[in-house]
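Undergrad: Fold the following for me, if possible:
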Amino acid sequence: MESDFEVDKQPPPPHKSGLGETFSVRNIIFTVIVIAIAGGAFYFMWLKRQKPIIPETKSDVVSVQVVPVMKKTLFREDQLPGEINAYQDVLIYPKVPGFVKELNVDRGSIVKKGQLMVRMYAPEYLAKRHEFVAKVAGAKADLASEQSKVEDLKAEMAKKKANLLADQSTYQRVYAASLVPGVIADNDVVQWSQTVKADREDINAVMKRINAKDHEVSAKREEVDAMTKAFESFADFASYLEIYAPFDGYVTERKMHVGSFVGPDGTGAYPPICRLKQLDLLRIVAPVPEDLVSGVIMGSEVEFTVSSFPGKRFKGTVARLANNLDKDTRTMPVELNYLNPDFQLMPGMFTKVYWPTRRPNESLFVPITAVVSTPLSTFVCKIKDEHVEWVQVRKGQIMDQQVEVFGDLKEGDVVAEEGSEELTNQSRVTPVTKPVKVSNHVQLSKHKEAEVN
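TA: Numbers count the residues shown, from 1 in each chain. Below you'll find the predicted structure:
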């Protein structure tokens, strides 16, 4: 009991007041740190306000490499696909149906113009020819018969005229004698008068028969002439049975043999006898794109190559223009002539044509990197009075790492060499001129001019 009482008698722990908690060591340290930071910030702000305001200098403006817009004549060499064709290429068909009797050529034969290639035999033609001969002979016989009848009528008319003259003379003497009374009876005068009248009517009748026969003879003669011309025209078919070479050429195909039946139908019912091509002169056909057709010059030389002769360039001459664009490819076929006397090149070969692309007039050029293309526009960054100006342009052909531009530009204008949308319109820049490199062919041309001068 005493122990319990002693414990209860112990004094309670001292109570901490709120003022002691406020001035604790931790709070004092925190307060000092905050005051130091605020003082430092205030000090730096005061220093900044004490510095004088310095205006923006050119060192803060972006420097841009610029190049001048140059005027040149477009001239470069493009590679176009091409194909070699024979200058002349014909399939040999007969003009009349028949059987091949002789075939004097074969694949690989070289023929001259006018050389006999094929001789044919046409039995139907011979039968028709004999029929025509018989008809013409019969028509000529009928004509001769009608002409003989006309001659007989003319002879008869001559007799009638002689009788008329005799009867007319007798009538005149009887009439003169009848004027003397009692010498000639009046009845005799009347009889002789009627006889003369009858003779005249006979002559008129014969004359009408002669005229009618003349018309018949004329009709027969026209019929004979028509049949003769028809026979001559039909006889011309005899020349069709012999086929001659239309030009100097090379036989590349032979489809028929001796004894084959051939005809003039070229739709597939009758194949051609053979195929003849002119190989000493070839056509090189090249499809020129639409934007290059204005630079095609007739008579200019163009080089091309074929895989059969690697490393060798051949020269052709521009000879023919289609003057019409293909709607699908937007190209115009241009033909070159190439002399091929040794038959080195053959039709059907594919070629690589080194087409000289040129324009008749000068145009403006800038570096390819100077043109900025976006989905909305194509422009160059023109530098004027140290400010950027976006100029809308249309791109053309490329030459020597430069591209044609068409727009509100002129020779001598300067543009940013590296165009970019980051060079915003009307922004200020410092232009830096880049030395212009003169190409080798320009230097060479200037050197030649100096030598001439």
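
Undergrad: make it CA atoms for all contacts and neighbour counts henceforth
TA: Noted.

Undergrad: quick one: low-confidence parts of the stretch 351-453 of the chain?
TA: Residues of the stretch 351-453 of the chain meeting the criterion pLDDT under 70: 434-453.

Undergrad: Check the chain too.
TA: 1-23, 47-60, 233-235, 266-268, 434-453.

Undergrad: Let me know the next secondary structure element after the longest helix along it.
TA: Assignment by DSSP state H gives helix 123-177 as the longest helix of the chain. Counting by DSSP states H and E, the next helix or strand C-terminal to helix 123-177 is helix 186-235.

Undergrad: next SSE after that following helix?
TA: Toward the C-terminal end, the helix or strand that comes next after helix 186-235 (DSSP H and E) is helix 237-240.

Undergrad: Can you dump the C-alpha atoms of that following helix in CSV for me?
TA: C-alpha atoms of helix 237-240 as CSV (Å, rounded to 0.1, in the frame of the first residue of the first chain):
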residue,chain,number,x,y,z
PHE,A,237,-4.1,-10.6,-164.6
ALA,A,238,-1.5,-12.7,-166.4
SER,A,239,1.1,-10.3,-165.2
TYR,A,240,-0.2,-10.9,-161.6
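
Undergrad: residues in contact with it?
TA: 94, 95, 96 (C-alpha atoms under 8 Å, 6 or more residues apart in numbering).

Undergrad: Swap in 6 Å and give it another go.
TA: residue 95 (C-alpha atoms under 6 Å, 6 or more residues apart in numbering).

Undergrad: same question, stretch 62-77
TA: 354-359, 362-366, 411-417, 429-433.

Undergrad: first to last residue in that stretch, what's the distance?
TA: End-to-end distance of stretch 62-77 (C-alpha to C-alpha, to the nearest Å): 39 Å.

Undergrad: what about the strands in the stretch 351-453 of the chain?
TA: For the stretch 351-453 of the chain, applying DSSP state E, counting those that start in this stretch gives strands covering 371-373, 378-384, 387-399, 402-407, 414-416, 429-433.

Undergrad: hang on, the earlier thing: and the longest helix of the chain, what other elements does it pack with?
TA: Contacts defined by 3 or more C-alpha pairs under 6 Å, 6 or more residues apart in numbering; DSSP states H and E place helix 123-177 against helix 186-235.

Undergrad: what packs against the helix it packs on?
TA: helix 123-177.

Undergrad: could you measure the nearest residue to residue 213 once chain neighbours are set aside against residue 200, distance?
TA: Counting by C-alpha to C-alpha, 6 or more residues apart in numbering, residue 150 is the residue found nearest to residue 213 once chain neighbours are left out, at 5.9 Å. In this view, residue 150 and residue 200 are 20 Å apart by C-alpha to C-alpha.

Undergrad: before we move on, back to that, tell me which of the strands of the stretch 351-453 of the chain sits nearest to residue 89.
TA: strand 387-399 (37.6 Å; C-alpha to C-alpha).

Undergrad: For residue 146, list the residues it contacts.
TA: Here residue 146 is in contact with residue 217 (C-alpha under 6 Å, 6+ apart).

Undergrad: Next one: the spatially most central residue of the chain from residue 296, what distance?
TA: Among the residues of the chain, the one closest to the centroid is residue 322, at 3.1 Å (C-alpha atoms, centre = their mean). Separation of residue 322 from residue 296 (C-alpha to C-alpha) stands at 11 Å.

Undergrad: How about residues contacting stretch 278-285?
TA: Stretch 278-285 is contacted by residues 82-88, 249, 334-341 when judged by C-alpha under 6 Å, 6+ apart.

Undergrad: Spatially, what comes nearest to residue 433 if we skip its sequence neighbours?
TA: residue 66 (5.2 Å).

Undergrad: residues near the one you found, how many?
TA: Neighbour count of residue 66, defined by other C-alpha atoms under 10 Å: 23.

Undergrad: start the count at 411, not 1, going forward
TA: Sure, I'll start counting at 411 from here, so that last one is residue 476.

Undergrad: Provide the secondary structure category for it.
TA: The assignment at residue 476 comes out as strand when based on DSSP: H, G, I helix; E, B strand; the rest coil.

Undergrad: OK, contacts around the residue nearest to the centre of the chain?
TA: Counting by C-alpha under 6 Å, 6+ apart, residue 732 has contacts residue 743.

Undergrad: do the same with the one 10 residues further on
TA: Residues counted as contacts of residue 742 (C-alpha under 6 Å, 6+ apart) are 697, 698, 734, 735.

Undergrad: Out of those, which is nearest to residue 435?
TA: Closest to residue 435, out of all of the contacts of residue 742 and judged by C-alpha to C-alpha, is residue 698, at 94.4 Å.

Undergrad: my read: the closest one touches residue 739, true?
TA: No: counting by C-alpha atoms under 6 Å, residue 739 is not a contact partner of residue 698; they are 9.9 Å apart.

Undergrad: Looking at the two, which one has more neighbours?
TA: Looking at residue 698 and residue 739 with other C-alpha under 10 Å, you find the greater number of neighbours at residue 698, namely 23 against 11.

Undergrad: which residues in the stretch 411-560 of the chain form helices?
TA: Secondary structure of the stretch 411-560 of the chain (DSSP state H, counting those that start in this stretch): helices located at 412-418, 428-432, 435-460, 533-587.

Undergrad: Can you give the distance of the third one from its chain's centre?
TA: So that's helix 435-460. Distance of helix 435-460 from the chain centroid (C-alpha atoms, centre = their mean, to the nearest Å) equals 89 Å.

Undergrad: How about the last one?
TA: The chain centroid and the centroid of helix 533-587 are separated by 69 Å, computed with C-alpha atoms, centre = their mean.

Undergrad: what angle do it and helix 596-645 make?
TA: On the basis of axes from the mean of the first three to the mean of the last three C-alpha atoms, to 10 degrees, helix 533-587 is oriented at 160 degrees to helix 596-645.
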